[in-house]
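**Q** okay, sequence plus prediction incoming.
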Amino acid sequence: MSLLLRPYQVDLHAEARAHLQRGIAAILIQSPTGSGKTVLIAHMLKNAKDRGYRAWFIVHRRELVKQSVSTLTEAAGVSVGIVAAGAAPSRNEAIQICLVNTLANRLHMMPPPNLIVFDEAHHLAAGSWAKIQAAFPNAVHVGLTATPQRLDGRGLGAHFRELVTGPSVATLIEQGYLSPYRLYAPGGADLSKVHTLGGDYNKKELADAMQQSPVVGDALTHYQKHAMGKRAIVFMWSIDSSKEIAARFNDAGIPAAHIDGKTPDDQRDAMIQSFRSGNTLVLTNVDLFGEGFDLPAIECAFLLRPTQSLSLYLQQVGRALRPFPGKKEALIFDHANNCKLHGLPDDDREWSLAGRKRRTRDDSCTVKQCPKCYAMNLASVMVCKYCGYKWVIQSRDIEQGEGELSEVDLAAQRAARKQEESECRTFEELVALGHLRGYGNAETWARFKNPHLFYKAARFKKEPAPRSAARAGSEGR
């Protein structure tokens, strides 16, 4: 079985290679959760081996080791070595799949690599990751992540010199590579007295605030009402709360399991397999499955862990966005109200190696609730999509019913934005629209939005189009 890259993956790979040919040896590739980064990585590693190079792929969870080995051996037909506790070493293999903590302790035993690929590269500021990168300054360093910034919002410019950005979540949904979704947002807990510590909510204060809220019971009720029989993953704020909600689901006759970092490996594997097969319908955890848990059959994500980290929010939501046969849409239940702080999963976002300014509660995403059907809409929407209720300007502040589930929808605004984009007849007009919207890298956004216009503009100037864009334009379909 051979690897088949999607058009945007071809583009990402070509652009990264163009930077390498220019002598840039530290490159960060951004592509949304669920966009197939593992396949892209396998393609890169196979190419490296075919050229006679030694390459390491570094991950931070044992599930990712298994997933990567499977992709490389089954899809790419490449033999690999594994650097992880309990795995028999095979250091002569050109490609090594490495668990970061194990590798950090065995660097002196390993032949030096020519290429190091870091999965979930936003972790690179952590001690073990940074130690590995610093130990091999002459190697090529490539990072991959859906969110190219640290969890505290700071950038990764100290570790990479160039950023290659992939298509947006909205574009991947339009093209069928990610699943459409519905987002429900209840009222959430009162976090006004919860302070910030280390870039996110103080865990103890957060636990106290969440424990006093009815969100655990609400989540069970909303699952029974809107998602009964669907496979769901639940993100909690503490291990105790994760165990509690799993017990509540089980008591209600809904098979659920809690997993944390101390769950024995054999039990964890059995629980995940039961979830894959549909015997277990709900998996609860804290941050264990926020990254790298690749299971397209997940139909629902319950967010009960408030976070100030955009990266964490998008990683968790992304667990449910992979398409799957028979899955018409993903259901996201944001009991933490993270969408009000960070926006919706498919909002346009501009990424930079410099990071981004943290949003505060004062500049969060503005939504309003329909007083007739209780669906959530953006404040800019004047007609409720679900019941046709029409707002008047005086009625802007609507009191929300206690505990009422509300749906967030952007259909009207998305349609208007698409119309704006479709009216751009030249690449220059599309770039100008990007600047008007305040995008920091409007040309990159425009190129991914409409590679055809970009290619036409380059050809009109009688200049060869960059290889990446040319491929995207010629292979897009």
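**A** It's in.
**Q** helices of the stretch 1-150 of the chain, start to end?
**A** Assigned helices in the stretch 1-150 of the chain, in chain order: 7-21, 37-50, 62-70, 100-106, 127-135 (criterion: DSSP state H, counting those that start in this stretch).
**Q** and the fourth one, which residues are buried?
**A** Neighbour counts over helix 100-106 (16 or more other Cβ atoms under 10 Å) mark 100, 102-104 as buried. From N, CA and C alone the C-beta is placed, and that goes for glycine too.
**Q** and for the second one?
**A** The neighbour-count criterion (16+ other Cβ under 10 Å) identifies 37-46, 48-49 as the buried residues of helix 37-50.
**Q** just the last one next, same as before
**A** Burial within helix 127-135, assessed by neighbour count using 16+ other Cβ under 10 Å, is assigned to 128-129, 132-133.
**Q** now swap in the third one and tell me
**A** Of the residues in helix 62-70, 62-65, 67-69 count as buried by neighbour count, 16+ other Cβ under 10 Å.
**Q** what does stretch 134-147 give?
**A** Neighbour counts over stretch 134-147 (16+ other Cβ under 10 Å) mark 136, 139-147 as buried.
**Q** output those as TSV; include the columns pLDDT and distance to residue 428.
**A** Output for those, formatted as TSV (pLDDT from 0 to 100; distance: Cβ to Cβ, whole Å):
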residue	pLDDT	distance to residue 428
136	95	43
139	96	40
140	96	35
141	97	35
142	97	32
143	95	32
144	94	31
145	93	31
146	92	30
147	90	30
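**Q** which one of the buried residues of helix 62-70 is nearest to residue 19?
**A** Ranked by distance to residue 19 (Cβ to Cβ), these are led by residue 68 at 23.5 Å.
**Q** surely the closest one touches residue 60?
**A** No: the pair formed by residue 68 and residue 60 falls short of the contact definition of Cβ atoms under 8 Å, at 11.7 Å.
**Q** shared neighbours of these two, anything?
**A** residue 119 (Cβ atoms under 8 Å, 6 or more residues apart in numbering).
**Q** secondary structure element for the residue nearest to residue 238 when sequence neighbours are not counted?
**A** Among residues not flanking residue 238 along the chain, residue 207 sits closest, at 5.0 Å (Cβ to Cβ, 6 or more residues apart in numbering). Here residue 207 sits within helix 203-211, counting by DSSP states H and E.
**Q** pull the residues that contact the helix or strand just after that helix.
**A** Downstream of helix 203-211, the next assigned helix or strand under DSSP H and E is helix 215-226. The contact list for helix 215-226 (Cβ under 8 Å, 6+ apart) reads 184, 186, 188-189, 232, 234, 241, 244-245, 248-249, 252, 254, 282, 300, 302, 304, 331, 333, 335-336, 403, 405.
**Q** counting by contacts, list what the helix or strand just after helix 215-226 packs against.
**A** For helix 215-226, the following helix or strand on the C-terminal side (DSSP H and E) is strand 232-235. For strand 232-235, the helices and strands in contact under the criterion 3 or more Cβ pairs under 8 Å, 6 or more residues apart in numbering; DSSP states H and E are helix 239-251, strand 282-285, strand 300-303.
**Q** domain ranges for the protein?
**A** 7-166, 181-348, 423-475 (automatic domain parsing).
**Q** what's the first-to-last distance across the second one?
**A** So the one you mean is domain 181-348. With Cα to Cα, to the nearest Å as the measure, domain 181-348 spans 16 Å from end to end.
**Q** just give me how far it sits from the chain centre.
**A** Mean C-alpha position of domain 181-348 versus that of the full chain (Cα atoms, centre = their mean, to the nearest Å) differs by 14 Å.
**Q** so which elements touch the helix holding residue 207?
**A** So helix 203-211, by 3+ Cβ pairs under 8 Å, 6+ apart, packs with helix 239-251.
**Q** got a list of contacts for the helix it packs on?
**A** Contacts for helix 239-251 (Cβ under 8 Å, 6+ apart): 207, 210-211, 216-217, 219-220, 223, 234, 236, 255-258, 260, 281-282, 284-286, 304.
**Q** try stretch 75-87
**A** With Cβ under 8 Å, 6+ apart as the criterion, stretch 75-87 contacts 1-3, 39, 42-43, 45-46, 49, 56, 62, 65, 69, 72-73, 88-93, 95-99, 102-103, 106, 110.
**Q** check stretch 38-53 too.
**A** Residues outside stretch 38-53 that contact it (Cβ under 8 Å, 6+ apart): 3, 5, 9, 12-13, 16, 29, 31, 54-55, 57, 67-68, 71-72, 75-76, 78, 94-95, 113-115, 117, 119, 142, 144, 294.
**Q** same question for stretch 196-213.
**A** With Cβ under 8 Å, 6+ apart, stretch 196-213 has contacts from 150-153, 188-191, 193-195, 237-238, 240-241, 304, 306-309, 312.
**Q** change it to 10 Å
**A** With contacts defined as Cβ atoms under 10 Å, 6 or more residues apart in numbering, stretch 196-213 is touched by 150-154, 186-195, 216, 236-238, 240-241, 244, 286, 304-309, 312, 335-336, 358.
**Q** tell me who's in contact with residue 67.
**A** 38, 59, 61, 97, 119, 292-294.
**Q** of the residues you listed, which is the most crowded?
**A** Within the contacts of residue 67, neighbour counts (other Cβ atoms under 10 Å) peak at residue 97, which reaches 28 neighbours.
**Q** bridged to that one, which residues?
**A** residue 57, residue 82 (DSSP bridges).
**Q** next one: it from residue 339, what distance?
**A** Using Cβ to Cβ, to the nearest Å, residue 97 is found at 35 Å from residue 339.
**Q** sorry, back to before: in JSON lines: the buried residues of helix 62-70, plus pLDDT and distance to residue 421.
**A** What follows is the buried residues of helix 62-70, written out as JSON lines (pLDDT from 0 to 100; distance: Cβ to Cβ, whole Å):
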{"residue": "62", "pLDDT": "83", "distance to residue 421": "42"}
{"residue": "63", "pLDDT": "80", "distance to residue 421": "38"}
{"residue": "64", "pLDDT": "85", "distance to residue 421": "36"}
{"residue": "65", "pLDDT": "89", "distance to residue 421": "41"}
{"residue": "67", "pLDDT": "83", "distance to residue 421": "35"}
{"residue": "68", "pLDDT": "87", "distance to residue 421": "36"}
{"residue": "69", "pLDDT": "89", "distance to residue 421": "41"}
